[in-house]
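fold the following.
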Amino acid sequence: MKLFVTGASGFIAKHIVLQALNAGHSVTGSLRSLGRIDEIRAALAPQLATFRDLENLSFVALDLTRDAGWQDALRGHDALLHTASPFPIGRTGNADDLIVPARDGTRRALAAAADAGVTRVVLTSSCAAIWTQVGSDRVATEADWTDPAQPGVDAYTLSKTLAERSAWEIASERGLALTTINPSMVMGPPLDRHFGSSVGVVKRLLSGKDPMIVDTAMGSVDVRDVARMHILAAETPGTAGERFIANSGTLSMAGWGKILKAAYPDRKIPTRIAPHWVMRVLALFDPQVRAAIPLLGLTRRASNAKARDRFGITFISPEGALLACAAALVGMSEV
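Coordinates of the predicted model:
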């Protein structure tokens, strides 16, 4: 297959490109700047089955905020894998800076695919579009949807929810065979030093910056499983019209601390849970802590039964994904 992957420099996208090349597919990756090509090739090369697989990888410069070039770039591909979307933790400023590019960029990419005759689309969504209003006493499923009209929904969650809603609308209007992959918090090994906010959380724990840990429990998944689901979805027409949760299980942040402390006993890794009032005080000075305040006391759980049944995936455990992430960071001297 000839696959088109947007945002090819992203944490998840690099793994998708790697697995696609190793599976024998050819890939075109979109980038805002072609100046990152060498970075991506250098990250992929050591992991490829053969160095010649890089010959099946090409790049094109595209901007999700502009129409120019999208239709021409997509023409001749078998499937669009739309991964590009920002995920900053602790970001301040105008919420529309997140929401508008995610929503409008999704519409732009999918409409261009339809215009170019590319009808197969796999979208990287998020469990944020699923579980925000699901209580700690229930396991979320693909039937759940975050209600963006509810008070307190943060900008990132709005961006992912509205982008996925827009994707389903475009798919219906333009006859696209759309599948969405909805990951929980994505762990696992980054391929280089350019990684996203989820890996940044592990880096922060390993650095010993904080004396205590957040009182929350979050579903997580290994990036390698997320990438595999994207490839399988693109290869499996029967998954069109469906959402698939990518989640291997739920661990408390205190559990993360204990696992990491056992693996790296010489590091000052926090294991004690911070009282909620302490977190609220720290949030006044630290935007990353501020982003965690809505999660205090919450447990996010999501079912992976559908993905296991339809894709035949045996998910890497949350512990395995966390330790693989930590090992990669330590190996790159990032902490």
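
what ranges do the helices span in the stretch 151-300 of the chain?
Along the stretch 151-300 of the chain, the stretches classed as helices by DSSP state H, counting those that start in this stretch are 155-174, 197-207, 223-235, 253-263, 276-282, 287-292.

tell me what the fourth one is packed against?
Put plainly, it is helix 253-263. For helix 253-263, the packing partners by 3 or more Cβ pairs under 8 Å, 6 or more residues apart in numbering; DSSP states H and E come out as helix 197-207, strand 217-222, helix 318-331. (C-beta placed from N, C-alpha, C; glycine too.)

chain neighbours aside, what residue packs nearest to residue 227?
Nearest residue to residue 227, sequence neighbours excluded (Cβ to Cβ, 6 or more residues apart in numbering): residue 15, at 3.8 Å.

how about the contacts made by the one you found?
The contact partners of residue 15, by Cβ atoms under 8 Å, 6 or more residues apart in numbering, come to 188, 191, 223, 224, 226, 227.

state the three-state secondary structure for it.
Following DSSP: H, G, I helix; E, B strand; the rest coil, we place residue 15 in the helix state.

show the pLDDT at it.
pLDDT, residue 15: 96.

cool, residue 91 as well?
Per-residue pLDDT puts residue 91 at 49.

make 731 the first number, not 1, from now on.
Noted, 731 is the first residue going forward, which turns the last one into residue 821.

just to revisit the earlier point, state the distance from the residue nearest to residue 957 to residue 856.
Distance of residue 745 to residue 856, computed by Cβ to Cβ, to the nearest Å: 16 Å.

adding distance to residue 879 as columns, could you present the contacts of residue 745 in a markdown table?
Output for the contacts of residue 745, formatted as a markdown table (distance: Cβ to Cβ, whole Å):
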| residue | distance to residue 879 |
| --- | --- |
| 918 | 34 |
| 921 | 38 |
| 953 | 32 |
| 954 | 36 |
| 956 | 28 |
| 957 | 33 |
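
ChimeraX command for the buried members of those?
In ChimeraX, a selection of the buried entries from these looks like this (16 or more other Cβ atoms under 10 Å):
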select :918,921,953,954,956,957
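
now for the contacts of residue 745, which pair is the farthest apart?
In the contacts of residue 745, two members sit farther apart than any others by Cβ to Cβ. They are 921 and 956, at 13.3 Å.

of the helices and strands packed on helix 983-993, which stretch is the most buried?
strand 947-952 (a mean of 26; mean count of other Cβ atoms under 10 Å).

packing partners for it?
If you count contacts as 3+ Cβ pairs under 8 Å, 6+ apart, strand 947-952 packs onto strand 915-917, strand 979-982, helix 983-993, helix 1048-1061.

so for residue 930, which of these sits nearest?
Residue 930 lies closest, by Cβ to Cβ, to one member of these: helix 1048-1061, at 9.7 Å.

which elements pack onto that closest one?
By 3+ Cβ pairs under 8 Å, 6+ apart, helix 1048-1061 packs against strand 915-917, helix 927-937, strand 947-952, strand 979-982, helix 983-993.

CA atoms of that helix as PDB?
C-alpha atoms of helix 1048-1061 as PDB (Å, rounded to 0.1, in the frame of the first residue of the first chain):
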ATOM      1  CA  PRO A1048       1.100  -0.500  31.200                       C
ATOM      2  CA  GLU A1049       4.200  -1.500  33.300                       C
ATOM      3  CA  GLY A1050       6.000  -2.700  30.200                       C
ATOM      4  CA  ALA A1051       5.100   0.500  28.300                       C
ATOM      5  CA  LEU A1052       6.300   2.700  31.200                       C
ATOM      6  CA  LEU A1053       9.600   0.900  31.600                       C
ATOM      7  CA  ALA A1054      10.300   0.900  27.900                       C
ATOM      8  CA  CYS A1055       9.700   4.700  27.900                       C
ATOM      9  CA  ALA A1056      12.000   5.200  30.900                       C
ATOM     10  CA  ALA A1057      14.700   3.000  29.400                       C
ATOM     11  CA  ALA A1058      14.700   4.900  26.200                       C
ATOM     12  CA  LEU A1059      14.900   8.200  28.000                       C
ATOM     13  CA  VAL A1060      17.800   7.000  30.200                       C
ATOM     14  CA  GLY A1061      19.500   5.500  27.200                       C
END
